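K.L.:
Below: sequence and its predicted model.
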Amino acid sequence: MSHEQVLQVTPHTFNDYREGLIALLVDAVQHGASVGFMDDLDVPKASAYFCEVLSQLEQGSLLLWVLVEDQRVLASVQLALCQKANGLNRAEVQKLLVLNEARRRGLGQVLIQALEHGARQHKRGLLHLDTEAGSPAENFYSALGYTRVGELPNYCRSPDGHYSPTAIYFKTLSEPQ
């Protein structure tokens, strides 16, 4: 019997999940996820990226959650905490990734719930994100209460190289104090 578990990754536990995170990122990009990488992403490039992630975890500017099943990373999400003095109430939802073989099981929703809980604990009442316009992610975020603000044309290149618009979303968890 398998057991899914959501865990917040810390600098101390990061190496326990590093290989699974690398495999997850490579899988996501290979299946077309527009998350900042081109389709030439390989393990060394993904590994270098996760060195940056660890550095941000150590600085306290980034939070990271993984969803594991039988010690295998199936999904992850990041929350970038704004470090500007005038923006300590906000954070950006980044890189919600689910292994292709584990999609359509509600794992993304479970991770977003954990992320929102973590945002509240860090007194971040305004969350924002961008996602490829017209992608299934738009329905996902709308269903979770995120509001679409608008769209930027030709914002980013997808892994296969074509430019796509991005849709901007936000969700208010609490009013600033």
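P.N.:
Cool, the structure landed.

K.L.:
Just give the nearest non-adjacent residue to Ala80, would you?
P.N.:
Of all residues not flanking Ala80 in the chain, Glu92 sits nearest, at 4.4 Å (Cβ to Cβ, 6 or more residues apart in numbering). Just so you know, the C-beta spots here come from the backbone N, C-alpha and C atoms, and that holds for glycine as well.

K.L.:
now the one you found: how far from Gln56?
P.N.:
Using Cβ to Cβ, to the nearest Å, we find Glu92 at a distance of 12 Å from Gln56.

K.L.:
Give me the common contacts of those two.
P.N.:
Common neighbours of Glu92 and Gln56, using Cβ atoms under 8 Å, 6 or more residues apart in numbering, are Ala80.

K.L.:
which residues touch the residue nearest to Ala80?
P.N.:
Shown in contact with Glu92 (Cβ under 8 Å, 6+ apart): 79-80, 82, 127-129.

K.L.:
element containing it?
P.N.:
Using DSSP states H and E, Glu92 sits within strand 90-98.

K.L.:
Pull out the buried positions in the following helix or strand past that strand.
P.N.:
Next helix or strand after strand 90-98 toward the C-terminus (DSSP H and E): helix 107-121. For helix 107-121, the neighbour count (16 or more other Cβ atoms under 10 Å) marks 107-108, 110-112, 114-116, 118-119 as buried.

K.L.:
Same list (these) but as JSON lines, adding pLDDT and distance to Glu69.
P.N.:
Below are those laid out as JSON lines (pLDDT from 0 to 100; distance: Cβ to Cβ, whole Å):
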{"residue": "Leu107", "pLDDT": "96", "distance to Glu69": "9"}
{"residue": "Gly108", "pLDDT": "96", "distance to Glu69": "14"}
{"residue": "Val110", "pLDDT": "97", "distance to Glu69": "11"}
{"residue": "Leu111", "pLDDT": "97", "distance to Glu69": "13"}
{"residue": "Ile112", "pLDDT": "98", "distance to Glu69": "18"}
{"residue": "Ala114", "pLDDT": "98", "distance to Glu69": "15"}
{"residue": "Leu115", "pLDDT": "98", "distance to Glu69": "18"}
{"residue": "Glu116", "pLDDT": "98", "distance to Glu69": "22"}
{"residue": "Gly118", "pLDDT": "97", "distance to Glu69": "20"}
{"residue": "Ala119", "pLDDT": "98", "distance to Glu69": "24"}
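
K.L.:
Show me where the chain has its helices.
P.N.:
Here the chain has its helices, by DSSP state H, at 14-30, 43-59, 107-121, 136-143.

K.L.:
Show me how far stretch 92-112 is from its chain's centre.
P.N.:
8 Å (Cα atoms, centre = their mean, to the nearest Å).

K.L.:
what's the span of that stretch, first residue to last?
P.N.:
12 Å (Cα to Cα, to the nearest Å).
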